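Peer 1: Attaching a predicted model along with its sequence, questions to come.
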Number of protein chains: 2
Amino acid sequence: MKLLEERILAEGKAVSEEILKVDSFINHQVDPVLMQQIGEAFAAHFKDRGITKVVTIESSGIAPAQMTALALGVPLVIFKKQPSRVLNDNLRQTVVTSFTKGTSYELTLAQDFLTEEDHVLIIDDFLANGEAATGCIRLLRLSHATVAGVGVLIEKSFQPGREKLTEQGHEVYALARIGRLEKDRIEFLPADDAH
Amino acid sequence: MKLLEERILAEGKAVSEEILKVDSFINHQVDPVLMQQIGEAFAAHFKDRGITKVVTIESSGIAPAQMTALALGVPLVIFKKQPSRVLNDNLRQTVVTSFTKGTSYELTLAQDFLTEEDHVLIIDDFLANGEAATGCIRLLRLSHATVAGVGVLIEKSFQPGREKLTEQGHEVYALARIGRLEKDRIEFLPADDAH
């Protein structure tokens, strides 16, 4: 997505070879018009897949996921990050460990909100090692729901997230793909909507 | 807001005299069309106030705040909940204690995203004791920004949040006002858009 790549070049900060900060328009301050354009781009790509729900993880994916769900005309389900296991028959949980941050949480879903009838599009801001997305997929499996695909704003293509997901048969659709980061330098690969 | 009240009656669960669960359309599963209507309602009320930014706290307020910011044509800033104080000159922080949940967090803002030029609309899902909203206002003051008002989806009018905020001179605009909760019973007061 040309618009997103241009914005990343203009405002993104390559803090190191691994970390890209996009705090001024995605993660902390949010450009609501860009989020609308992103939601429409995901909806245009996934519109004929019979999607019944959009899923994201709190909290950076919520704004683009809200716009995607609105454009597709389906509900959004926000998976919660609980600090610890909750004993409640109504909840499904799975541990997600973030290598980047060195932290773990219990990804949590109230079972009422996804069933075996659901065909789900997962939306998130970043795809890096794929830990969050594979956690989502584990919760979808526990709910007997099916995965329609994974849409991400920014893929760090030098990390193994995409490979892990495609090896499991899941489509990854990334609006910007970072091939390489160096301090103050950002290189793109062709995005999935660039053809 | 008639639509929101009807939805609360249809799907909200009065778990006790203090707790109303709206997990099926606001907090866990989200109705993106209702969020759009809510965003438009806030924007219609606040449109002539010279608002430059919408602010919310992660994560339940993000979807309606995104729609409000989109309708007003201004950026959204998401205040973060950090577990502990961070030593960084670039960050502003203030402790918020939730009486309902018995927890505390450091409400956090990178100082770049609000300045003395900003006139800010605060959006949140619930107003109860007003701890979160007053935390937001403290961070706005630290940034020398001004408060345009506080828009909430649901006010628990039997708790002191509104009073605290109006005593400080802030307008509260609530789309649904709960006068009383009993197990399986929800009573409304007239909402702020009902006249």
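Peer 2: That came through fine.
Peer 1: Does the helix or strand hosting residue A:141 pack against any helices or strands, and if so which?
Peer 2: Residue A:141 belongs to helix A:131-142 when elements are defined using DSSP states H and E. Helices and strands touching helix A:131-142, by 3 or more CB pairs under 8 Å, 6 or more residues apart in numbering or on different chains; DSSP states H and E, are strand A:53-57, strand A:76-82, strand A:91-98, strand A:103-110, strand A:119-127, strand A:146-156, helix A:161-167. Where C-beta positions appear, they are placed from N, C-alpha and C, glycine not excepted.
Peer 1: for the ones you listed, which one ends up most surrounded?
Peer 2: Neighbour counts averaged per stretch over the helices and strands packed on helix A:131-142 are highest for strand A:53-57, at a mean of 28; criterion: mean count of other CB atoms under 10 Å in any protein chain shown.
Peer 1: so who does residue A:59 touch?
Peer 2: Taking CB atoms under 8 Å, 6 or more residues apart in numbering or on different chains, we find residue A:59 in contact with B:58, B:59, B:62, B:78.
Peer 1: Determine how far the helix holding residue A:141 lies from the middle of the whole chain.
Peer 2: In terms of CA atoms, centre = their mean, to the nearest Å, the centre of helix A:131-142 is set 12 Å apart from its chain centre.
Peer 1: Around chain B, which positions in chain A sit nearby?
Peer 2: Counting by CB under 8 Å from any CB of the partner chain, the residues of chain A close to chain B are A:23-24, A:27-33, A:35-36, A:58-59, A:62-63, A:66-67, A:69-70, A:73-78, A:80, A:110, A:112-113.
Peer 1: Relative to residue A:151, which of the contacts of residue A:59 is nearest.
Peer 2: Residue A:151 lies nearest to residue B:62 out of those, by CB to CB, at 17.6 Å.
Peer 1: Report the buried members of the residues of chain A next to chain B.
Peer 2: Among the residues of chain A next to chain B, those scoring as buried are A:23-24, A:27-32, A:35-36, A:58-59, A:62-63, A:66-67, A:69-70, A:74-78, A:80, A:110, A:113 (criterion: 16 or more other CB atoms under 10 Å in any protein chain shown).
Peer 1: tell me the mean pLDDT over stretch A:32-50?
Peer 2: Mean per-residue pLDDT for stretch A:32-50: 98.
Peer 1: buried set for that stretch?
Peer 2: So, applying 16+ other CB under 10 Å, buried residues of stretch A:32-50: A:32, A:34, A:35, A:36, A:38, A:39, A:41, A:42, A:43, A:45, A:46.
Peer 1: Dump these into CSV; add secondary structure and distance to residue B:127 as well.
Peer 2: Listed next are the buried residues of stretch A:32-50 as CSV, based on DSSP: H, G, I helix; E, B strand; the rest coil; distance: CB to CB, whole Å:
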residue, secondary structure, distance to residue B:127
A:32, helix, 23
A:34, helix, 29
A:35, helix, 25
A:36, helix, 27
A:38, helix, 30
A:39, helix, 28
A:41, helix, 35
A:42, helix, 33
A:43, helix, 33
A:45, helix, 38
A:46, helix, 36
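Peer 1: Return the member of those nearest to chain B.
Peer 2: Distance to chain B, by CB to the nearest CB, is smallest for residue A:32 among these, at 3.9 Å.
Peer 1: you'd agree that closest one is up against residue B:76?
Peer 2: Yes - look at residue A:32 against residue B:76 with CB atoms under 8 Å: they come within range, at 5.6 Å.
Peer 1: Give the intersection of the neighbour lists for those two.
Peer 2: Jointly contacting residue A:32 and residue B:76 under the rule CB under 8 Å, 6+ apart are A:63, B:66, B:69.
Peer 1: Going by distance to residue A:184, which of those wins?
Peer 2: Using CB to CB, these come closest to residue A:184 at residue A:63, 26.9 Å.
Peer 1: Return the per-residue confidence for that closest one.
Peer 2: Looking at residue A:63, its pLDDT is 98.
Peer 1: Now that residue A:158 has come up, it's in contact with residue A:179, right?
Peer 2: Yes - with contact defined as CB under 8 Å, residue A:158 counts as touching residue A:179 (6.7 Å).
Peer 1: sorry, back to before: out of the shared contacts of residue A:32 and residue B:76, name the ones that lie in helices.
Peer 2: Judged by DSSP state H, the shared contacts of residue A:32 and residue B:76 include A:63, B:66, B:69 as members of helices.
Peer 1: any chance of these in a markdown table, plus distance to residue B:100?
Peer 2: Below are those laid out as a markdown table (distance: CB to CB, whole Å):
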| residue | distance to residue B:100 |
| --- | --- |
| A:63 | 25 |
| B:66 | 24 |
| B:69 | 26 |
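Peer 1: Run through the residues that contact residue A:61.
Peer 2: By CB under 8 Å, 6+ apart, residue A:61 lies in contact with A:123, A:124, A:125.
Peer 1: so which helix or strand takes in residue A:180?
Peer 2: Residue A:180 belongs to strand A:172-182, assigned by DSSP H and E.
Peer 1: Paired strands for that strand, with orientation please.
Peer 2: strand A:146-156 (parallel), strand A:185-189 (antiparallel) (DSSP bridges).
Peer 1: which residue is nearest the middle of chain A?
Peer 2: residue A:124 (1.6 Å; CA atoms, centre = their mean).
Peer 1: Quick check: closest non-adjacent residue to that residue.
Peer 2: Spatial nearest neighbour of residue A:124, excluding adjacent residues (CB to CB, 6 or more residues apart in numbering or on different chains): residue A:61 at 4.4 Å.
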